[in-house]
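Colleague: 3D model of this:
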Amino acid sequence: MVEPDTLGPELRIRIYSPGDRDALVALWDRCGLLVSYNDPDRDIALWCASSNAEIFVGEQDGRIVASVCVGHDGHRGYPYYVAVDPDAQKGGLGRRMMRHAEAWLARLGVLKMNLMVREGNERVNAFYRSIGYEETPRTVFGRWLTADGRPAEHAKTPPAIVSCTVTYLEMMARPTLPPTPLSSRRAVALLRARQPSVAFYRFLYNSIGESWMWFERRALDDEALAAIIQDEQVEVYVLYIDGVPAGYAELDRRQEPEIELAYLGLMPEFVGAGLGAYLLATAIGIAWSYEPRRLWVHTNDKDHPRALALYQRFGFKPYKQENETYPDPRLRGLMPTN
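Modeller: This is a model prediction of the structure:
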């Protein structure tokens, strides 16, 4: 059965057929719609088996370039997998697929469409506003279900792709550092770990970075990691409080006269005690003792929420920002999933 497209001759909108599966799933993949907790084959099977749902595909020159899955509960309609091939976007195809889904609902007597957008997805929000949708304040509750009623473990499964915003900062001259007082009741020591063992370094890196999605060094084998951290131009300074490792800072001098503050962080039990400012000030002082042309660092929005402000307070200035995506290291077995 072919659903006529009354909104324009160049796009043919029709009902999904089993032979469309590979092209449809590939489209969803290109559009970034496939996540770990949504099995596309299971979703397709559910919609095909339902008398209250339909999958529509949009074709141009015999190629599937758009889709919308739409269903209703007898009272409200809901769209899913609204997708337009990245090479065909900005041509109004998303609007036309949504209008087609709305018309299908209206013919069934369902007179309102509701939809949900993940928090922070402003691009998608802007699309729905542009085609006449309005924000309707409501509190949305949800619960993952299993056939036997037990808690659904996949609810805790992280997404397959992680997105983050990376900010690069630099300082071109030795700064005047703000004071970083510490309690006189604690014994504080900052010692350079010369050629640290891989095991000790992994203890620091993994313990500190688990909360902030540090995974790059976890992905290295022992030989590759040792080649970095035992290089004489890579300096690892460990902060001890009352004899206990509390954090570390790592300076990478391999590209002198530029120096990178490669890592800086605290053990979870020492966060919030003002030690981050002390560790940063000390690392900056050590770096500038080499009289570099530039000292730089980068952070991202998966890091401690006050990291960016701290760097700026101590004299770093942002010079570049990028959006990055990467496979979730928790699903690769590099980090715990909870």
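Colleague: For the stretch 151-300 of the chain, just list every one of the helices.
Modeller: For the stretch 151-300 of the chain, helices defined by DSSP state H, counting those that start in this stretch occupy the ranges 198-209, 222-229, 275-288.
Colleague: Show residues contacting the second one.
Modeller: Applying C-beta atoms under 8 Å, 6 or more residues apart in numbering, the external contacts of helix 222-229 come out as 195-196, 198, 201-202, 217, 220, 234, 236, 250. Using the backbone N, CA and C atoms, a C-beta is placed for each residue, glycine as well.
Colleague: Go again with 7 Å.
Modeller: Here helix 222-229 makes contact (C-beta atoms under 7 Å, 6 or more residues apart in numbering) with 196, 198, 201, 217, 234, 236.
Colleague: from memory the fifth one sits against Asp252, does it?
Modeller: The one in question is Val234. Yes - taking contacts as C-beta atoms under 7 Å, Val234 lies within contact range of Asp252: 5.5 Å.
Colleague: re earlier: just the helices of the stretch 151-300 of the chain: most buried one?
Modeller: Of these, the one with the most neighbours on average (mean count of other C-beta atoms under 10 Å) is helix 275-288, at a mean of 20.
Colleague: can I get the CA coordinates of that helix in PDB?
Modeller: Output of helix 275-288 as PDB, limited to C-alpha atoms (Å, rounded to 0.1, in the frame of the first residue of the first chain):
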ATOM      1  CA  LEU A 275      43.200  21.500  47.200                       C
ATOM      2  CA  GLY A 276      42.500  21.800  43.500                       C
ATOM      3  CA  ALA A 277      43.500  25.500  43.600                       C
ATOM      4  CA  TYR A 278      46.700  24.700  45.500                       C
ATOM      5  CA  LEU A 279      47.600  21.900  43.100                       C
ATOM      6  CA  LEU A 280      46.900  24.100  40.000                       C
ATOM      7  CA  ALA A 281      48.800  27.100  41.400                       C
ATOM      8  CA  THR A 282      51.800  24.900  42.100                       C
ATOM      9  CA  ALA A 283      51.700  23.200  38.700                       C
ATOM     10  CA  ILE A 284      51.500  26.600  36.900                       C
ATOM     11  CA  GLY A 285      54.500  27.800  39.000                       C
ATOM     12  CA  ILE A 286      56.600  24.700  38.000                       C
ATOM     13  CA  ALA A 287      55.600  25.000  34.300                       C
ATOM     14  CA  TRP A 288      56.700  28.700  34.200                       C
END
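Colleague: tell me what it is packed against?
Modeller: Helices and strands touching helix 275-288, by 3 or more C-beta pairs under 7 Å, 6 or more residues apart in numbering; DSSP states H and E, are strand 234-241, strand 244-252, strand 258-266, strand 294-300, helix 307-313.
Colleague: Sketch out the low-pLDDT regions of the stretch 151-300 of the chain for me.
Modeller: 151-159, 183-184 (pLDDT under 70).
Colleague: Mind doing that once more with 50?
Modeller: Where the stretch 151-300 of the chain drops to pLDDT under 50, the residues are 154-155.
Colleague: follow-up on the earlier one: pick the one among the contacts of helix 222-229 closest to Glu102.
Modeller: In terms of C-beta to C-beta, no member of the contacts of helix 222-229 lies closer to Glu102 than Arg217, at 50.1 Å.
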